[in-house]
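Engineer: no sequence on this one, just coordinates:
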């Protein structure tokens, strides 16, 4: 591991400080203070923090959020404050955002086996987009506190005792039963972005062992009882099926169809596409936002959500196989979907291939990394340590069991500048699978625009012998 050298003073801080001061002072003078107050405050505060208190993860996250918010508000600033004010504000906001990305990359250690991110303006901007998304995730997360942490700690210890007594830590396969084919599937015709598709709904059928703590609470989420999926399929002879697993806080058609473009996968490559909705996401949500309750720090609910996710994904595969004999199926997952693709191949052997894109594999580390220091310390005191999280999540970890697919059918791609799923996580999966990683110079949100990613996915399809348009495929 190549550690970055710590700094007492960060000279880059002058950029967000200047940007924040401009947005506040020019806004007050130009009559658009209500527009400049939030982005200006975020950029100024994080710039000062970067100068005096470098190292806190949230500094660059909120700095990037302030810069992005400034760019979003440029047009109204031009309307109320004038073209010159808006143009200079845009330049400074962009500079502050890129600074956040660059500072975040500078502080991250370089691991053996991962390529260093090329710290150009473009790559720093890609990292800044990730940092801004992290600001949303972290800033809006309902972090447990006080008595809630003590309760979660006691329940985590109880959960570990049950998992040990049942043998599920050593033999997680005994926890994960193979689901039956859905008996009643409701198909509704729908349309989005000018394209027809099918909405599938059927009973999940998932249950928890009553010995598990708070098991009765999990089954009280009525929306989560119903599994859902979006389907694009061709008429006529059978086509290969690509199962596309979405990321955290997605699971809505307007998002999933942008993540898995039908024009590419369904039309150009000629595939049938099935997009299952993960538990607690989309129409299965239990809160205001898709994904509420999934990664909110509760180890019990994360274990139960992932256990149900595996059940639901396998049930979706069973439905495909009930539609046609000897169906050819591949799996493509991004981020949290990459995590679930890695979990799925431990239990499903009749897959042509699996692609884990920007895959998270250590959800415990991802959650605890962004806790405020006082919360992290209190979590530890109450027994919610990284080791305990990893222990109770072992039955649903992509790193627990060997994959059932041959290594030539397993693929991973990851971003060298990814700020949401740090490069060490796909590296762990690559070592577990004994396969190489296709790296790209970008972040978590930029992969859809990286040519090497699309080529890597198409290579997986072609090597599986799927009848897709013949194009040059790069060597692995």
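Structural biologist: On my side now, so go ahead. Since the model is a prediction, treat every value here as computed from it, not as a measurement.

Engineer: State the helix or strand in which residue 137 lies.
Structural biologist: Here residue 137 sits within helix 121-140, counting by DSSP states H and E.

Engineer: what element comes up after that helix heading to the C-terminus?
Structural biologist: helix 147-166.

Engineer: Could you check how far that following helix is from the centre of its chain?
Structural biologist: Here helix 147-166 shows a centroid-to-chain-centroid distance of 26 Å under the convention C-alpha atoms, centre = their mean, to the nearest Å.

Engineer: So for it, mean pLDDT?
Structural biologist: The average pLDDT within helix 147-166 is 94.

Engineer: And whichever helix or strand comes after that helix, what does it pack against?
Structural biologist: The helix or strand immediately downstream of helix 147-166 is strand 186-192, counting by DSSP H and E. With contacts taken as 3 or more C-beta pairs under 8 Å, 6 or more residues apart in numbering; DSSP states H and E, strand 186-192 sits against strand 195-203, helix 253-259. (Each C-beta comes from the backbone N, C-alpha and C, glycine too.)

Engineer: Let me know the angle separating the helix or strand of the chain with the lowest mean pLDDT from helix 147-166.
Structural biologist: Considering only helices and strands, the least confidently modelled element of the chain by mean pLDDT, DSSP states H and E is helix 373-381, at a mean of 83. Between the direction of helix 373-381 and that of helix 147-166, the angle (axes from the mean of the first three to the mean of the last three C-alpha atoms, to 10 degrees) works out to 40 degrees.

Engineer: Tell me which residues are up against helix 373-381.
Structural biologist: Outside helix 373-381, the residues within contact range by C-beta atoms under 8 Å, 6 or more residues apart in numbering are 143, 144, 145, 149, 153, 368, 371, 385.

Engineer: out of the residues you listed, who's nearest residue 434?
Structural biologist: Proximity of the contacts of helix 373-381 to residue 434 was ranked by C-beta to C-beta; the top entry is residue 368 with 28.0 Å.

Engineer: Verify the contact between residue 226 and residue 200 for me.
Structural biologist: No: in this structure, residue 226 is not within contact of residue 200 by C-beta atoms under 8 Å, at 10.3 Å.

Engineer: and these two? which has more neighbours close in?
Structural biologist: When residue 226 and residue 200 are compared for neighbours, residue 200 comes out ahead with 21 against 14, by other C-beta atoms under 10 Å.

Engineer: Bridged to that one, which residues?
Structural biologist: Under DSSP bridges, the beta-bridge partners of residue 200 are residue 187, residue 229.

Engineer: give me every residue that touches it.
Structural biologist: Residue 200 neighbours (C-beta under 8 Å, 6+ apart): 185, 186, 187, 227, 228, 229, 230, 231, 319.

Engineer: same question, residue 179
Structural biologist: Remark: with contacts taken as C-beta under 8 Å, 6+ apart, residue 179 is in contact with 205, 206, 311, 312, 314, 315, 318.

Engineer: try 10 Å this time
Structural biologist: Under the criterion of C-beta atoms under 10 Å, 6 or more residues apart in numbering, the neighbours of residue 179 are 204-206, 227, 310-319.

Engineer: Now do the same contact list for residue 454.
Structural biologist: For residue 454, the set of contacting residues under the criterion of C-beta under 10 Å, 6+ apart consists of 261, 264, 413, 447, 448.

Engineer: and if we set it to 8 Å?
Structural biologist: Applying C-beta under 8 Å, 6+ apart as the definition, the contact partners of residue 454 turn out to be residue 264.

Engineer: State whether it is indeed within a strand.
Structural biologist: No: Residue 454 is assigned helix when assessed by DSSP: H, G, I helix; E, B strand; the rest coil, not a strand.

Engineer: Can you report phi and psi for the spatially most central residue of the chain?
Structural biologist: The residue lying closest to the centre of the chain (C-alpha atoms, centre = their mean) is residue 335, at 3.7 Å. Residue 335 has phi and psi values of phi 60, psi -120 when expressed as degrees, to the nearest 10.

Engineer: can you map out the strands along the stretch 1-150 of the chain?
Structural biologist: When secondary structure is read from DSSP state E, counting those that start in this stretch, the stretch 1-150 of the chain shows no strands.

Engineer: So what's the residue count around the nearest residue to residue 117 once chain neighbours are set aside?
Structural biologist: Counting by C-beta to C-beta, 6 or more residues apart in numbering, residue 417 is the residue found nearest to residue 117 once chain neighbours are left out, at 3.9 Å. Residues lying near residue 417 (other C-beta under 10 Å) number 30.

Engineer: Break this protein down into its domains, please.
Structural biologist: The record's domain parsing of the chain by automatic domain parsing lists 11-140, 156-463.

Engineer: how about a markdown table for the ones you listed, with distance to residue 469 added?
Structural biologist: Below are those laid out as a markdown table (distance: least, C-beta to C-beta, whole Å):
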| stretch | distance to residue 469 |
| --- | --- |
| domain 11-140 | 29 |
| domain 156-463 | 7 |
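
Engineer: list the contacts for the residue nearest to the centre of the chain?
Structural biologist: By C-beta under 8 Å, 6+ apart, residue 335 lies in contact with 247, 248, 357, 358, 359, 360, 420, 421, 444.

Engineer: right, and the pair among those residues with maximum separation?
Structural biologist: Distances among those were taken as C-beta to C-beta; the most separated pair is 248 and 357, at 13.4 Å.

Engineer: List the buried residues for the least confident helix or strand of the chain?
Structural biologist: Applying a neighbour-count criterion of 16 or more other C-beta atoms under 10 Å, the buried positions in helix 373-381 are 375, 376, 378, 379.

Engineer: do stretch 277-288 as well
Structural biologist: Buried residues in stretch 277-288, defined by neighbour count with 16+ other C-beta under 10 Å: 277, 278, 279, 280, 281, 282, 283, 284, 285, 286.

Engineer: Quick check: helices, which of those residues are part of them?
Structural biologist: Helix and strand membership here follows DSSP state H; of these, not one is in helices.

Engineer: Most neighbours among the contacts of residue 179, which one is it?
Structural biologist: For these, the largest number of neighbours (other C-beta under 10 Å) sits with residue 227, at 28 neighbours.

Engineer: Quick check: phi and psi at that one.
Structural biologist: Residue torsions, per degrees, to the nearest 10, at residue 227 are phi -80, psi 150.

Engineer: What separation is there between residue 91 and residue 35?
Structural biologist: For residue 91, the distance to residue 35 (C-beta to C-beta, to the nearest Å) stands at 16 Å.

Engineer: More neighbours: these two, which one.
Structural biologist: Between residue 91 and residue 35, counted using other C-beta under 10 Å, residue 35 has the larger neighbour count: 23 against 15.

Engineer: Quick one: low-confidence residue ranges for the stretch 351-476 of the chain.
Structural biologist: Confidence mapping of the stretch 351-476 of the chain against pLDDT under 70 gives the ranges 470-476.

Engineer: hey, where'd the helices end up in it?
Structural biologist: Residue ranges of the helices in the stretch 351-476 of the chain, as given by DSSP state H, counting those that start in this stretch, are 363-369, 373-381, 386-392, 424-433, 451-463.
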